[in-house]
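Asker: coordinates for the following, if possible.
(one chain, ligands or ions: 2)
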Amino acid sequence: MTSDKGLLIVLSGPSGVGKGTVRKEIFDDPATTFEYSISMTTRDRREGEVDGVDYFFKSKEEFERLIEEDKFIEHANYVGNYYGTPVDYVVETMEKGYDVFLEIEVEGAKQVREKFPEALFIFLAPPNLTQLEERLVGRGTDSPEVIKKRISEAKRELKLMNLYDYVVINDDVRAAKNRVQCIVEASHMKRARVESKLRKTLLEVNN
Ligand SMILES: Nc1ncnc2c1ncn2[C@@H]1O[C@H](COP(=O)(O)OP(=O)(O)OP(=O)(O)O)[C@@H](O)[C@H]1O
Ligand SMILES: Nc1nc2c(ncn2[C@@H]2O[C@H](COP(=O)(O)O)[C@@H](O)[C@H]2O)c(=O)[nH]1
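Answerer: Ligands and ions are numbered 1, 2, ... in the order given. Model (predicted):
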């Protein structure tokens, strides 16, 4: 039984849908008890991003060495850069009983599903593709060429949303944050019910 281990929460979805914005809203809420796993990436740092806060920024060589050393739960090459979730932090934090929150793209989420089938998978979807593109353009962090590639990836990723446990539409940041928090809460309750039933069955078997 796993009751004292934390839950792994995966928030995925296309670039620009608002994962980071919703995540920030969740972590700004003093009621939130999850721990955020900071990813590693080889992408260039954007203005205002801080190493060790937004990402751990790595060279391609260093990232590839870490892949060789099996230091990632998952990693993906997304639009020409590596992104990955460091294994040690996630495993140690869950072992301590804390829920760990990952914000990753769809290929990485697929890999997490294989290694942690009991994790909770939430897909954040845009109200429509036009709004997704408007958000990417409005964010002002990517060139028109990169935005084109991200939209093309998004079309592929949106087709996979049915593989997730839940789909949350990010039509409004506060509402999306509340939906994600409710889903996590419900997941904890479900896990507690299952474990209580298992405990009863074990007692019956042992008596
Ligand atoms: N519900 C919303 N309505 C309108 N704009 C939004 C909403 N949610 C997020 N945005 C805006 O959309 C843009 C992209 O959001 P954000 O950077 O959080 O996306 P993301 O999914 O984390 O992207 P990436 O995966 O590339 O990191 C930001 O400018 C953000 O302010
Ligand atoms: N597979 C992983 N994807 C990740 C990780 N960290 C972030 N991401 C996703 O990559 C894209 C692009 O991010 P950006 O910061 O360049 O806009 C986006 O969908 C992120 O969610 C990770 O560790 N693994």
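Asker: show me which residues of this protein sit near ligand 1.
Answerer: Applying CB under 6 Å from any ligand atom, we find that the chain lies next to ligand 1 at 15-21, 135, 138-139, 170-173. All C-beta spots, glycine's among them, are computed from the backbone N, C-alpha and C.
Asker: 8 Å - rerun?
Answerer: 13-24, 103, 105, 124, 131, 134-136, 138-142, 150, 170-173, 176 (CB under 8 Å from any ligand atom).
Asker: per-residue confidence for residue 127?
Answerer: If you check residue 127, the pLDDT there is 98.
Asker: I'd say it and residue 168 touch.
Answerer: No: taking contacts as CB atoms under 8 Å, residue 127 lies outside contact range of residue 168: 11.5 Å.
Asker: tell me which of the two has more neighbours.
Answerer: When residue 127 and residue 168 are compared for neighbours, residue 168 comes out ahead with 22 against 12, by other CB atoms under 10 Å.
Asker: each with direction, which strands does the helix or strand containing the more buried one pair with?
Answerer: Using DSSP states H and E, the element containing residue 168 is strand 166-169. According to DSSP bridges, strand 166-169 forms sheet pairs with strand 120-125 (parallel).
Asker: okay, the closest residue to residue 56 other than its chain neighbours and ligand 2: tell me how far apart.
Answerer: Leaving aside its sequence neighbours, residue 56 sits nearest to residue 40 (CB to CB, 6 or more residues apart in numbering; 4.5 Å). Using CB to the nearest ligand atom, to the nearest Å, residue 40 is found at 7 Å from ligand 2.
Asker: and residue 40, what is it in contact with?
Answerer: Residues near residue 40 by CB atoms under 8 Å, 6 or more residues apart in numbering: 55-58, 63, 66, 72, 82-86.
Asker: give me that answer again for 10 Å
Answerer: For residue 40, the contact set (CB atoms under 10 Å, 6 or more residues apart in numbering) comprises 55-58, 62-63, 66, 71-72, 75, 82-86.
Asker: over to residue 5?
Answerer: For residue 5, the contact set (CB under 10 Å, 6+ apart) comprises 91, 94-99, 118, 191.
Asker: rewinding a little: of the contacts of residue 40, which ones also sit close to ligand 2?
Answerer: Among the contacts of residue 40, the residues lying close to ligand 2 (CB under 8 Å from any ligand atom) are 55, 72, 75, 83-85.
Asker: run through this protein and note the low-pLDDT ranges.
Answerer: By pLDDT under 70, the low-scoring segments of the chain are 1-3.
Asker: can you pull the contacts of whatever residue of it ends up closest to ligand 2?
Answerer: When distances are taken as CB to the nearest ligand atom, the chain reaches nearest to ligand 2 at residue 108, 2.3 Å away. Counting by CB under 10 Å, 6+ apart, residue 108 touches 10, 12, 39, 72-76, 78, 83-85, 102.
Asker: how about residue 21: what's its closest non-neighbour residue?
Answerer: Per CB to CB, 6+ apart, closest to residue 21 is residue 173, 5.5 Å.
Asker: what do you get for residue 133?
Answerer: Excluding its sequence neighbours, the residue lying closest to residue 133 (CB to CB, 6+ apart) is residue 151, at 5.7 Å.
Asker: thank you kindly, that will do.
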